[in-house]
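J.: any chance you could fold what I've pasted below:
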Amino acid sequence: MMNHSVTQKFSAVVFDMDGTLLDTLADISYSLNSVLEEEGYPTHPVEACRAMVGFGMRELVRKALPESAHDEAITEPLLKKLQARYAEHWNDSSRPYDGVVELLDAIDRLGLKKAILSNKPDRFTRQCAEELLAPWKFDVIMGFREGIAPKPDPTGALLVAKELGVEPASILYVGDSGVDMKTANAAGMYPLGVTWGYRPGDELLATGAAKLVSHPTEIIPLLTA
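T.: Numbers count the residues shown, from 1 in each chain. The predicted structure is shown next:
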């Protein structure tokens with residue numbers, strides 16, 4: 001694990017999306033449970049879904065199904081059905097977290113580059129960013145794309161850094177899960193864990209978070225140090 005200094009200067013910020021910028025859990029949970037119920041599988045309370053998200057939709061389906069149903073003949077059709085259902089309900093109640101507006105405004109005032117890197121399918125990642133975060137232009141938006149390994153593999157993060165034109169060591173990586181902290185460390189970025197999302201702080205620290213924050217506006221001083 002890298003040694004990180006919180007006083008270092010950052011040239012860019014890379015955000016996870018679900019559980020970091022946007023609270024999307026209710027819409028994901030509804031879409032998942034409605035499909036599971038239709039197919040005759042047990043459903044899950046929202047709090048249980050909280051622990052399942054963050055690994056991409058294919059893995060979400062696997063985690064939600066009984067182990068006896070982990071066959072591609074079952075999971076792939078269910079994945080397609082989930083994607084179709086989520087396309088209808090992705091913005092029923094999804095909204096930016098309190099304080100995200102102020103944070104993104106501050107990043108723009110400081111002239112820093114910003115990006116989104118998510119394990120959510122690329123088209124949904126872009127749709128959420130473009131409609132729910134419309135006032136802000138992100139320099140790079142990357143969701144899961146076939147042929148690019150999902151987080152915590154650092155490939156996507158390094159591609160984002162290359163597209164931003166910024167060295168990984170100058171990037172503040174902000175996320176709410178162990179997947180994000182592992183990604184940031186593997187890519188050589190500063191791993192900042194947020195505790196308002198879907199995972200507890202102890203998970204973030206155990207997976208390499210250099211620092212934790214409990215509100216988006218707490219990030220602003222780190223960018224002006």
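
J.: in this protein, which segments are predicted with low confidence?
T.: Along the chain, the parts satisfying pLDDT under 70 run over 1-8.

J.: tell me where it has helices.
T.: Secondary structure of the chain by DSSP state H: the helices cover 25-38, 46-50, 57-64, 72-89, 100-110, 122-132, 155-164, 178-187, 201-206, 220-223.

J.: quick one, which of these is packed in tightest?
T.: Ranked by mean neighbour count, these are led by helix 178-187 with a mean of 25 (mean count of other CB atoms under 10 Å). Heads up, the C-betas are built off the backbone N, CA and C, glycines and all.

J.: what angle do that helix and helix 155-164 make?
T.: Counting by axes from the mean of the first three to the mean of the last three CA atoms, to 10 degrees, helix 178-187 lies at 60 degrees to helix 155-164.

J.: what are the contacting residues of helix 178-187?
T.: Identification of contacts with helix 178-187 by CB atoms under 8 Å, 6 or more residues apart in numbering yields 1-2, 16, 20, 54-55, 117, 119, 151-154, 156-158, 161, 168, 171, 173-175, 190-193, 199, 203-204, 206-209.

J.: the same query, at a cut-off of 7 Å, please.
T.: Applying CB atoms under 7 Å, 6 or more residues apart in numbering, the external contacts of helix 178-187 come out as 1-2, 16, 54-55, 151-152, 154, 157-158, 168, 173, 175, 190-191, 193, 199, 203-204, 207-209.

J.: I'd say Ser118 and Thr125 touch.
T.: Yes - the criterion here is CB atoms under 7 Å, and Ser118 meets it with Thr125 at 4.5 Å.

J.: what touches both of those two?
T.: Residues touching both Ser118 and Thr125 (CB under 7 Å, 6+ apart) are 17, 143.

J.: any of the contacts of helix 178-187 buried? List them.
T.: 16, 54-55, 151-152, 154, 157-158, 168, 173, 175, 190-191, 193, 199, 203-204, 207-209 (16 or more other CB atoms under 10 Å).

J.: hang on, the earlier thing: export the helices of the chain to TSV and tack on distance to Val140?
T.: What follows is the helices of the chain, written out as TSV (distance: least, CB to CB, whole Å):
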stretch	distance to Val140
helix 25-38	23
helix 46-50	27
helix 57-64	21
helix 72-89	23
helix 100-110	14
helix 122-132	10
helix 155-164	5
helix 178-187	14
helix 201-206	23
helix 220-223	18
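
J.: which neighbours does the longest strand anywhere in the chain have in its sheet, and in what orientation?
T.: In the chain, with assignment by DSSP state E, the single longest strand is strand 113-121. Sheet pairing here is set by DSSP bridges, and for strand 113-121 it gives strand 12-15 (parallel), strand 140-144 (parallel).

J.: and Val100, which of the ones you listed is closest to it?
T.: Taking CB to CB, strand 12-15 is the member of the strands paired with strand 113-121 nearest to Val100, at 9.2 Å.
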